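> Quick one, what's the 3D model for this:
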Amino acid sequence: MSDIKYEIKETLGVLSEGSKGWSKELNLISWNDREPKYDIREWSPDHSKMGKGVTLSKQELKALKELLVDIEV
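Alright, predicted model coming up:
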């Protein structure tokens, strides 16, 4: 399996931090030199390791934003 190339273009925010230093973040990331997408996943403190996550296009992020407005927390 080939390595996945990624570049964090912009860190948009940290959603939570775990006891072992990993943080769940919303970032704008370019995967394999492609157009950057919005990404939510856990990262090690130095961003050398990552957990499973979800990648969203701009349109998907807008749809998620509209859904979240209607959720009562």
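> Any buried residues in the top strand by length along the chain, and which?
Criterion DSSP state E: the longest strand present in the chain is strand 6-17. Buried residues in strand 6-17, counted by 16 or more other C-beta atoms under 10 Å: residue 6. From N, CA and C alone the C-beta is placed, and that goes for glycine too.
> So what touches that strand?
Identification of contacts with strand 6-17 by C-beta atoms under 8 Å, 6 or more residues apart in numbering yields 23-32, 36, 38, 40, 47.
> which of the residues you listed are buried?
Buried among those (16+ other C-beta under 10 Å): 23, 24, 25, 26, 27, 28, 29, 36, 38, 40.
> if we can go back for a sec, can you tell me the strand partners of the longest strand of the chain and which way each runs?
Note on strand 6-17: by DSSP bridges, its sheet partners are strand 23-31 (antiparallel).
> what's the offset of the partner strand from the middle of its chain?
Relative to the chain's own centre, strand 23-31 is displaced by 3 Å; criterion: C-alpha atoms, centre = their mean, to the nearest Å.
> and after that strand, which helix or strand comes next?
Sequence-wise, the next helix or strand downstream of strand 23-31 (DSSP states H and E) is strand 37-43.
> Show me what that next one is packed up against.
Counting contacts by 3 or more C-beta pairs under 8 Å, 6 or more residues apart in numbering; DSSP states H and E, strand 37-43 packs against strand 23-31, strand 50-56, helix 58-69.
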